[in-house]
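*Asks:* could you look at this predicted model? Sequence included:
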Amino acid sequence: MLRVSGLVAGYGPVSVLHGLDFELSEGEVVVILGANGAGKTTTLRALSGMIQVQGIVEFAGVPIVGKKVEEIVRLGVAHVPQGRGTIADLTVEENLRAGAFVRKDREIDADIARWYETFPRLAERRGQAAGSMSGGEQQMLAIARALMSRPRLLLLDEPSLGLAPLVTRELFERLREINREMGTTMLVVEQNANLALEIASRGYVLEAGRIATSGSSSELMSDEAVRKAYLGY
Ligand code: ATP
(Lines give C-alpha, C1' and ligand atoms only; values in the text may rest on other atoms or scores of the structure.)
Protein backbone atom coordinates (compact mmCIF):
# COMPACT_ATOMS: atom_id res chain seq x y z
CA MET A 1 0.00 0.00 0.00
CA LEU A 2 2.82 2.38 0.83
CA ARG A 3 6.29 2.20 -0.65
CA VAL A 4 8.96 4.65 0.47
CA SER A 5 12.38 4.66 -1.10
CA GLY A 6 15.30 7.04 -0.53
CA LEU A 7 13.15 9.50 1.42
CA VAL A 8 15.12 12.64 2.19
CA ALA A 9 13.60 15.57 4.07
CA GLY A 10 14.47 18.46 6.34
CA TYR A 11 13.68 22.03 7.23
CA GLY A 12 15.48 24.61 5.10
CA PRO A 13 19.19 23.95 5.48
CA VAL A 14 18.61 21.35 8.23
CA SER A 15 18.63 17.83 6.84
CA VAL A 16 16.65 15.39 9.03
CA LEU A 17 15.84 12.24 7.03
CA HIS A 18 18.79 10.80 5.15
CA GLY A 19 17.25 8.25 2.82
CA LEU A 20 14.54 6.06 4.38
CA ASP A 21 13.30 2.87 2.75
CA PHE A 22 10.20 1.17 4.13
CA GLU A 23 6.91 -0.36 3.13
CA LEU A 24 3.46 -0.95 4.54
CA SER A 25 1.01 -3.60 3.41
CA GLU A 26 -2.74 -3.09 3.45
CA GLY A 27 -4.24 -3.73 6.89
CA GLU A 28 -0.97 -3.64 8.82
CA VAL A 29 -0.27 -1.69 12.00
CA VAL A 30 3.38 -0.63 12.01
CA VAL A 31 5.19 1.40 14.66
CA ILE A 32 8.11 3.80 14.26
CA LEU A 33 10.30 3.97 17.36
CA GLY A 34 13.20 6.32 17.93
CA ALA A 35 14.80 8.75 20.35
CA ASN A 36 13.73 12.39 20.59
CA GLY A 37 14.76 14.20 17.44
CA ALA A 38 15.35 11.02 15.39
CA GLY A 39 12.94 12.22 12.71
CA LYS A 40 9.74 10.30 13.49
CA THR A 41 7.41 13.30 13.27
CA THR A 42 9.27 14.50 10.18
CA THR A 43 8.62 11.12 8.53
CA LEU A 44 4.85 11.44 9.07
CA ARG A 45 4.89 15.06 7.89
CA ALA A 46 6.74 13.94 4.76
CA LEU A 47 4.13 11.28 4.01
CA SER A 48 1.18 13.63 4.47
CA GLY A 49 2.61 16.34 2.22
CA MET A 50 3.25 18.90 4.96
CA ILE A 51 6.92 19.34 4.06
CA GLN A 52 8.91 19.13 0.86
CA VAL A 53 10.75 15.87 0.31
CA GLN A 54 12.91 14.04 -2.16
CA GLY A 55 12.75 10.36 -3.02
CA ILE A 56 9.94 8.03 -3.94
CA VAL A 57 6.70 7.72 -2.00
CA GLU A 58 3.95 5.67 -3.60
CA PHE A 59 0.56 5.24 -2.02
CA ALA A 60 -1.62 2.56 -3.63
CA GLY A 61 0.64 2.78 -6.67
CA VAL A 62 0.29 6.58 -6.98
CA PRO A 63 3.42 8.75 -6.59
CA ILE A 64 2.60 11.37 -3.95
CA VAL A 65 5.82 13.38 -3.65
CA GLY A 66 4.99 16.98 -4.56
CA LYS A 67 1.23 16.56 -4.05
CA LYS A 68 -0.64 18.94 -1.76
CA VAL A 69 -1.93 17.82 1.67
CA GLU A 70 -5.53 17.93 0.43
CA GLU A 71 -4.77 15.74 -2.60
CA ILE A 72 -3.08 13.20 -0.34
CA VAL A 73 -6.11 13.19 2.00
CA ARG A 74 -8.34 12.57 -1.03
CA LEU A 75 -6.21 9.58 -1.97
CA GLY A 76 -6.93 8.10 1.48
CA VAL A 77 -4.17 9.18 3.85
CA ALA A 78 -5.16 10.89 7.12
CA HIS A 79 -2.67 12.38 9.56
CA VAL A 80 -3.29 12.86 13.29
CA PRO A 81 -0.51 15.28 14.23
CA GLN A 82 1.24 15.36 17.59
CA GLY A 83 -0.69 17.25 20.25
CA ARG A 84 -3.87 18.88 19.12
CA GLY A 85 -5.24 17.68 15.81
CA THR A 86 -8.49 19.59 16.24
CA ILE A 87 -9.85 23.04 15.45
CA ALA A 88 -10.13 24.63 18.89
CA ASP A 89 -12.97 27.07 18.15
CA LEU A 90 -15.23 24.49 16.52
CA THR A 91 -17.45 22.14 18.50
CA VAL A 92 -16.83 18.41 18.62
CA GLU A 93 -19.48 17.79 15.98
CA GLU A 94 -18.23 20.61 13.73
CA ASN A 95 -14.73 19.10 13.94
CA LEU A 96 -16.09 15.72 12.85
CA ARG A 97 -17.92 17.31 9.90
CA ALA A 98 -14.77 19.22 8.98
CA GLY A 99 -12.94 15.88 8.88
CA ALA A 100 -15.31 14.73 6.15
CA PHE A 101 -14.49 17.69 3.87
CA VAL A 102 -13.20 15.44 1.10
CA ARG A 103 -16.40 13.37 0.99
CA LYS A 104 -19.57 13.93 -0.99
CA ASP A 105 -21.50 10.82 0.03
CA ARG A 106 -24.61 10.72 2.22
CA GLU A 107 -23.17 8.57 4.97
CA ILE A 108 -21.48 11.34 6.91
CA ASP A 109 -24.14 11.39 9.65
CA ALA A 110 -23.94 7.61 9.97
CA ASP A 111 -20.17 7.81 10.36
CA ILE A 112 -20.49 10.51 13.02
CA ALA A 113 -22.90 8.23 14.91
CA ARG A 114 -20.43 5.39 14.56
CA TRP A 115 -17.52 7.36 16.05
CA TYR A 116 -19.80 8.61 18.86
CA GLU A 117 -20.43 4.97 19.66
CA THR A 118 -16.70 4.18 19.62
CA PHE A 119 -15.84 7.27 21.68
CA PRO A 120 -18.90 7.89 23.93
CA ARG A 121 -17.22 10.87 25.60
CA LEU A 122 -17.38 12.70 22.28
CA ALA A 123 -21.12 12.09 22.04
CA GLU A 124 -21.63 13.54 25.54
CA ARG A 125 -19.67 16.63 24.54
CA ARG A 126 -20.80 17.07 20.95
CA GLY A 127 -21.69 20.75 21.45
CA GLN A 128 -18.54 21.69 23.39
CA ALA A 129 -15.70 23.66 21.80
CA ALA A 130 -12.82 21.30 21.05
CA GLY A 131 -10.33 23.70 22.67
CA SER A 132 -12.04 23.35 26.05
CA MET A 133 -11.89 19.55 26.10
CA SER A 134 -9.32 17.60 28.13
CA GLY A 135 -6.14 16.35 26.47
CA GLY A 136 -7.48 12.79 26.24
CA GLU A 137 -10.82 13.92 24.85
CA GLN A 138 -9.06 16.07 22.24
CA GLN A 139 -6.87 13.15 21.22
CA MET A 140 -9.94 10.98 20.71
CA LEU A 141 -11.57 13.77 18.73
CA ALA A 142 -8.44 14.21 16.58
CA ILE A 143 -8.50 10.51 15.73
CA ALA A 144 -12.26 10.44 15.07
CA ARG A 145 -11.90 13.55 12.92
CA ALA A 146 -9.17 11.90 10.84
CA LEU A 147 -11.33 8.78 10.49
CA MET A 148 -14.16 10.92 9.09
CA SER A 149 -12.22 11.14 5.83
CA ARG A 150 -12.53 7.32 5.62
CA PRO A 151 -8.78 6.90 5.25
CA ARG A 152 -7.11 3.74 4.05
CA LEU A 153 -3.94 4.78 5.86
CA LEU A 154 -3.95 6.53 9.23
CA LEU A 155 -0.74 8.26 10.35
CA LEU A 156 -0.72 8.68 14.13
CA ASP A 157 1.90 10.88 15.80
CA GLU A 158 2.30 9.96 19.48
CA PRO A 159 -1.37 9.36 20.24
CA SER A 160 -0.54 8.74 23.91
CA LEU A 161 1.13 12.12 24.44
CA GLY A 162 -0.03 13.63 27.71
CA LEU A 163 -2.63 10.95 28.42
CA ALA A 164 -3.06 9.02 31.66
CA PRO A 165 -2.01 5.35 31.37
CA LEU A 166 -5.58 4.04 31.52
CA VAL A 167 -6.78 6.48 28.86
CA THR A 168 -3.84 5.50 26.67
CA ARG A 169 -4.66 1.82 27.01
CA GLU A 170 -8.30 2.50 26.15
CA LEU A 171 -7.27 4.53 23.11
CA PHE A 172 -4.98 1.76 21.84
CA GLU A 173 -7.80 -0.75 22.32
CA ARG A 174 -10.03 1.42 20.14
CA LEU A 175 -7.29 1.67 17.50
CA ARG A 176 -6.91 -2.10 17.51
CA GLU A 177 -10.68 -2.50 17.01
CA ILE A 178 -10.73 0.00 14.16
CA ASN A 179 -7.87 -1.82 12.45
CA ARG A 180 -9.60 -5.18 12.86
CA GLU A 181 -13.09 -4.08 11.90
CA MET A 182 -12.31 -1.69 9.05
CA GLY A 183 -8.92 -2.91 7.93
CA THR A 184 -7.49 0.62 8.27
CA THR A 185 -3.72 0.50 7.83
CA MET A 186 -1.88 2.43 10.56
CA LEU A 187 1.60 3.88 10.89
CA VAL A 188 2.11 4.88 14.52
CA VAL A 189 4.87 6.99 16.03
CA GLU A 190 4.87 6.29 19.74
CA GLN A 191 7.07 6.86 22.79
CA ASN A 192 5.15 4.19 24.69
CA ALA A 193 6.95 1.43 22.81
CA ASN A 194 5.61 -1.40 24.97
CA LEU A 195 2.04 -0.54 24.16
CA ALA A 196 2.68 0.26 20.51
CA LEU A 197 4.42 -3.06 19.93
CA GLU A 198 1.38 -4.79 21.43
CA ILE A 199 -0.91 -3.53 18.68
CA ALA A 200 1.64 -3.36 15.85
CA SER A 201 2.80 -6.40 13.94
CA ARG A 202 6.09 -4.78 12.88
CA GLY A 203 8.26 -1.82 13.59
CA TYR A 204 11.11 0.35 12.42
CA VAL A 205 13.65 2.01 14.70
CA LEU A 206 14.80 5.40 13.50
CA GLU A 207 18.17 6.76 14.62
CA ALA A 208 19.35 10.19 13.50
CA GLY A 209 17.24 10.11 10.34
CA ARG A 210 18.11 6.57 9.28
CA ILE A 211 16.42 3.22 9.84
CA ALA A 212 18.71 1.43 12.29
CA THR A 213 16.64 -1.72 12.91
CA SER A 214 13.42 -3.25 11.69
CA GLY A 215 11.54 -6.43 12.42
CA SER A 216 8.40 -8.02 13.74
CA SER A 217 7.14 -6.77 17.09
CA SER A 218 8.37 -9.94 18.80
CA GLU A 219 11.81 -9.57 17.16
CA LEU A 220 12.04 -5.98 18.35
CA MET A 221 10.87 -6.86 21.84
CA SER A 222 13.59 -9.48 22.16
CA ASP A 223 16.34 -7.26 20.66
CA GLU A 224 18.56 -6.24 23.55
CA ALA A 225 19.46 -2.81 22.20
CA VAL A 226 15.81 -2.01 21.47
CA ARG A 227 14.74 -3.28 24.88
CA LYS A 228 17.26 -1.14 26.71
CA ALA A 229 16.68 2.01 24.68
CA TYR A 230 12.91 1.95 24.16
CA LEU A 231 11.29 -0.62 26.40
CA GLY A 232 13.13 0.25 29.58
CA TYR A 233 14.22 -3.22 30.72
P1 ATP B 1 10.32 13.58 19.29
O2 ATP B 1 10.26 12.17 19.76
O3 ATP B 1 11.10 14.44 20.23
O4 ATP B 1 8.99 14.15 18.90
P5 ATP B 1 11.03 13.10 16.50
O6 ATP B 1 11.77 11.84 16.24
O7 ATP B 1 9.59 13.12 16.16
O8 ATP B 1 11.27 13.56 17.99
P9 ATP B 1 11.28 15.33 14.67
O10 ATP B 1 10.19 16.15 15.27
O11 ATP B 1 11.00 14.66 13.39
O12 ATP B 1 11.80 14.24 15.72
O13 ATP B 1 12.56 16.26 14.54
C14 ATP B 1 13.75 15.84 13.92
C15 ATP B 1 14.74 16.99 13.89
O16 ATP B 1 14.21 18.03 13.07
C17 ATP B 1 15.00 17.62 15.26
O18 ATP B 1 16.38 17.87 15.35
C19 ATP B 1 14.21 18.90 15.24
O20 ATP B 1 14.82 19.90 16.01
C21 ATP B 1 14.20 19.26 13.77
N22 ATP B 1 12.97 20.00 13.41
C23 ATP B 1 11.71 19.58 13.56
N24 ATP B 1 10.83 20.50 13.12
C25 ATP B 1 11.57 21.54 12.67
C26 ATP B 1 11.25 22.80 12.09
N27 ATP B 1 9.98 23.18 11.86
N28 ATP B 1 12.29 23.61 11.75
C29 ATP B 1 13.57 23.24 11.97
N30 ATP B 1 13.94 22.06 12.50
C31 ATP B 1 12.95 21.21 12.86
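*Replies:* Happy to help now that I have it. Numbering: from 1, shown residues only.

*Asks:* how about the contacts made by residue 74?
*Replies:* residue 102 (C-beta atoms under 8 Å, 6 or more residues apart in numbering). The way it works is simple: take the backbone N, C-alpha and C, and place the C-beta from them, glycine included.

*Asks:* tell me how far it lies from residue 150.
*Replies:* 11 Å (C-beta to C-beta, to the nearest Å).

*Asks:* contacts only, for the residue nearest the centre of the chain.
*Replies:* With distances taken as C-alpha atoms, centre = their mean, residue 156 lies nearest the centre of the chain, 1.4 Å away. Counting by C-beta under 8 Å, 6+ apart, residue 156 makes contact with 80, 143, 175, 186-190.

*Asks:* just give me the closest of those to residue 109.
*Replies:* Checking the contacts of residue 156 against residue 109 with C-beta to C-beta, the nearest one is residue 143 at 19.0 Å.

*Asks:* residue 34 and residue 209 touch, don't they?
*Replies:* No: between residue 34 and residue 209 there is no contact under C-beta atoms under 8 Å: 9.3 Å.

*Asks:* for the ligand, see how far away the residue lying closest to residue 216 once chain neighbours are set aside is.
*Replies:* Nearest non-adjacent residue to residue 216, counting by C-beta to C-beta, 6 or more residues apart in numbering: residue 202, 5.5 Å away. Per C-beta to the nearest ligand atom, to the nearest Å, residue 202 is found 18 Å from the ligand.

*Asks:* tell me which residues touch residue 202, please.
*Replies:* By C-beta under 8 Å, 6+ apart, residue 202 lies in contact with 28, 30-31, 214-217.

*Asks:* those residues in strands, which ones?
*Replies:* Within the contacts of residue 202, residues falling in strands by DSSP state E are 30-31, 214-216.

*Asks:* what subset of the residues you listed is buried?
*Replies:* Of the members of those, the ones counted as buried by neighbours, 16 or more other C-beta atoms under 10 Å, are 30-31, 214.

*Asks:* what count of nearby residues applies to residue 51?
*Replies:* Residues near residue 51, counting by other C-beta atoms under 10 Å, number 15.

*Asks:* I figured it hits residue 14, correct?
*Replies:* No: using C-beta under 8 Å as the test, residue 51 is too far from residue 14 to be in contact (11.2 Å).
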